[in-house]
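S.K.: fold the following, please.
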Amino acid sequence: MTGVRYEISQTTHYEYANDVALSSQLVRLSLVDRPGLTVLHQRVDIDPTPTTQRAYLDFFGNENLWLSFLEPHGALIIETHAIVERDAPAPPAAKDTPAWEEVRDTCATQFDPGPDSPAHFLFPSRRVSLDPQITAYAARSFKPGRPILEAVTELSNRIYTGFEYAPGVTDVASDPREAFDLRKGVCQDFAHVMIAGMRGLGLAAGYVSGYLRTIPPPGKKRLQGADAMHAWVAVWCGDDHGWVEIDPTNARLAGNDHIPLAWGRDYVDVAPVKGVIRVSGAHTLKATVDVLELETEKPLILPA
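M.R.: Model prediction:
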């Protein structure tokens, strides 16, 4: 292996004002092998112990862990720990990618029903509506005949420079138009705005959730969003180049600093935890993430 090796730890802690009588939860916090990502070790610890649980892969290849709790509990703690090898594929040269109109026309004729097909990523989805103003904003980067990755990179850079990274002004249920009007938000919002603009132009764009390297290499700037789960965009660049991932929050193509966890049409397809609980009163959520680079020249000793 020639990539970068990481140790990833995450704690997701729900605290309830009163005991939860019963609950059902869907957890997407397990990494899976993907092109450019190899999972060497992984463990998920859950407190309290679920009454029942079942793991399966969803349509897009994300690992889902379904949990049910039939005993009263005042908190739910999910701790994940993984060691992975990241060796991201080299992106194509932007000037060598086809004109965006050619890619748009190719997308419109896709009949492949598989999970990687651009056909699934062309239309409105539960968290990404199509909006004429966002489409017009994106269209400024897509001049006639321009190579698609050049246009995508410019759009990403415009979002980076024109929007303010501001936690707390939106939430997980926000529509892209809300962040677009404010020109503020977090990585989820920037990804949704970019996806909405590209889909409005007839291009395929998907949503990727994952992690960022917490401590950058010497001399490199720390990436925005590295202290939590992150989100970026996958763009279909035609049959020859396939999916290329780009991070509008940091104005860069996704590489070895980006560790993908799950991907889908928008946040709803990859939400790390969602479910139903029977309880009265409020609850609080605290999540911590740590992504540390390991020395690849040393022998790897996996935890028991």
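S.K.: neighbouring contacts of the worst-scoring helix or strand of the chain on mean pLDDT?
M.R.: Least confident helix or strand of the chain, by mean pLDDT, DSSP states H and E, is strand 283-294 with a mean of 92. By C-beta atoms under 8 Å, 6 or more residues apart in numbering, the residues outside strand 283-294 that reach it are 4-17, 83, 211-215, 226-229, 259, 277, 300. C-betas here are computed from N, CA, C, even on glycine.
S.K.: going through these, which ones are buried?
M.R.: Using 16 or more other C-beta atoms under 10 Å as the burial test, those include 4-8, 10, 12, 14, 16, 83, 211-214, 226, 229, 259, 277 as buried.
S.K.: what residues are bridge-paired with the most centrally placed residue in the chain?
M.R.: By C-alpha atoms, centre = their mean, the mean C-alpha position of the chain lies nearest to residue 209, the distance being 1.4 Å. Using DSSP bridges, the beta-bridge partners of residue 209 come out as residue 231, residue 262.
S.K.: verify the stated contact: it with residue 272.
M.R.: Yes: the pair residue 209 and residue 272 passes the contact test of C-beta atoms under 8 Å, sitting 7.3 Å apart.
S.K.: quick check: neighbours shared by those two?
M.R.: Common neighbours of residue 209 and residue 272 (C-beta under 8 Å, 6+ apart) are 229, 261.
S.K.: now the stretch 201-304 of the chain, which segments are flagged as low pLDDT?
M.R.: 217, 224-226, 296-304 (pLDDT under 70).
S.K.: swap the cut-off to 90 and go again
M.R.: Residue ranges of the stretch 201-304 of the chain with pLDDT under 90: 213-228, 279-281, 295-304.
S.K.: all helices of the stretch 151-300 of the chain, in order?
M.R.: 176-182, 187-200, 267-270 (DSSP state H, counting those that start in this stretch).
S.K.: repeat for the stretch 1-150 of the chain
M.R.: 100-107, 132-139, 148-162.
S.K.: indicate which one of those is closest to residue 92.
M.R.: helix 148-162 (6.5 Å; C-beta to C-beta).
S.K.: buried set for the closest one?
M.R.: 148-156, 158-160.
S.K.: over to stretch 278-288?
M.R.: Within stretch 278-288, the residues that qualify as buried are residue 279, counting by 16+ other C-beta under 10 Å.
S.K.: report the distance from that stretch to the chain centre.
M.R.: What separates the centre of stretch 278-288 from the centre of its chain is 23 Å, taken as C-alpha atoms, centre = their mean, to the nearest Å.
S.K.: measure it end to end?
M.R.: Terminal residues of stretch 278-288 are spaced 25 Å apart (C-alpha to C-alpha, to the nearest Å).
S.K.: and among the helices of the stretch 151-300 of the chain, the most buried is which?
M.R.: Most buried of the helices of the stretch 151-300 of the chain, by mean neighbour count (mean count of other C-beta atoms under 10 Å): helix 187-200, with a mean of 28.
S.K.: for the closest residue to residue 207 other than its chain neighbours, phi and psi?
M.R.: Nearest non-adjacent residue to residue 207, counting by C-beta to C-beta, 6 or more residues apart in numbering: residue 266, 4.9 Å away. Backbone dihedrals for residue 266, given as degrees, to the nearest 10, come out at phi -160, psi -170.
S.K.: do you know how far residue 266 is from residue 175?
M.R.: Remark: distance between residue 266 and residue 175 (C-beta to C-beta, to the nearest Å) = 11 Å.
S.K.: what angle separates the lengthiest strand in the chain from strand 283-294?
M.R.: Of all segments of type strand in the chain, defined using DSSP state E, the longest is strand 4-20. Here the directions of strand 4-20 and strand 283-294 differ by 160 degrees (axes from the mean of the first three to the mean of the last three C-alpha atoms, to 10 degrees).
S.K.: quick one: distance of strand 4-20 to the chain centre.
M.R.: Remark: strand 4-20 is offset 17 Å from the chain centroid, using C-alpha atoms, centre = their mean.
S.K.: check stretch 266-276 too.
M.R.: Centroid displacement of stretch 266-276 relative to its chain, using C-alpha atoms, centre = their mean, is 11 Å.
S.K.: try stretch 16-27
M.R.: Mean-position distance between stretch 16-27 and its chain equals 25 Å (C-alpha atoms, centre = their mean).
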